[in-house]
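1. Sequence below, structure please.
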Amino acid sequence: MNWIDAIVVIVSIIELSFNSGNNSAFNSLRIIRIIRILRTFRVLRVGRLVKSLSAFQVIINVIANSLNSFAYLALLLLIFIFIYTLFGMNIFGGIFKFWK
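-> Sure thing, here's the model as predicted:
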C-alpha cells in the first residue's frame with residue numbers, strides 16, 4: 001500500500017506542476033483521471049483506520065454530538081454581530097469622510 005501512496009503522491013505533484021501552466025492536453029490524459037480516483041482510496045484508507053481505533057471513535061462521536069450545540073452558538077454569534085452592526089451604523093453612519 002505504501003508503493004501506491006508514493007505513486008499517487010508523485011503523480012499528483014507532477015500534475016500540479018503541469019496545471020500551473022494550464023496545459024489542457026495533460027489534463028485530458030486518462031491516466032491522470034485514474035490517479036485522481038486513487039486519491040479517494042487513500043482517504044478511504046484513513047476512514048478504515050478510524051474504525052479500528054476505539055479511542056479515536058470516541059473522539060469522533062463526541063465531536064459529532066457537539067455539532068448541534070455549536071450550530072446554536074454560531075447562530076447566537078451571528079445575531080450579536082448583526083445587532084452590533086446596526087448599532088454601529090446608527091452611531092457612526094455618514095460621520096467618516098475619506099479623502100483620496
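
2. who does whichever helix or strand residue 69 is part of touch, helix- and strand-wise?
-> Taking DSSP states H and E as the criterion, the element that holds residue 69 is helix 54-92. Judged by 3 or more C-beta pairs under 8 Å, 6 or more residues apart in numbering; DSSP states H and E, the packing partners of helix 54-92 are helix 30-52. For every residue, glycine as well, the C-beta is placed using N, CA and C.

3. cutoff 6 Å now
-> With contacts defined as 3 or more C-beta pairs under 6 Å, 6 or more residues apart in numbering; DSSP states H and E, helix 54-92 has no helix or strand neighbours.

4. List the buried residues in that helix.
-> For helix 54-92, the neighbour count (16 or more other C-beta atoms under 10 Å) marks no residue as buried.

5. Can you pull the domain assignment for the protein?
-> Under the assignment automatic domain parsing, the domains of the chain span 1-52, 54-93.

6. hey, least reliable of the ones you listed by pLDDT?
-> Mean pLDDT is lowest for domain 1-52 out of these, coming in at a mean of 67.

7. Dump the C-alpha coordinates for stretch 37-57 into CSV.
-> Listed in CSV are the C-alpha atoms of stretch 37-57, where the atom choice follows Å, rounded to 0.1, in the frame of the first residue of the first chain:
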residue,chain,number,x,y,z
ILE,A,37,-9.6,8.2,-8.3
LEU,A,38,-6.7,6.5,-6.4
ARG,A,39,-6.6,9.7,-4.2
THR,A,40,-10.1,8.9,-2.9
PHE,A,41,-8.9,5.4,-2.0
ARG,A,42,-6.2,6.9,0.1
VAL,A,43,-8.8,8.9,2.0
LEU,A,44,-11.0,5.8,2.5
ARG,A,45,-8.0,4.0,4.0
VAL,A,46,-7.8,6.6,6.8
GLY,A,47,-11.5,6.0,7.4
ARG,A,48,-10.9,2.3,7.8
LEU,A,49,-8.2,3.2,10.4
VAL,A,50,-10.8,5.2,12.4
LYS,A,51,-12.9,2.1,12.7
SER,A,52,-10.1,0.1,14.2
LEU,A,53,-9.1,2.6,16.9
SER,A,54,-11.8,2.7,19.6
ALA,A,55,-10.4,5.8,21.3
PHE,A,56,-10.5,7.7,18.1
GLN,A,57,-14.1,6.6,17.6
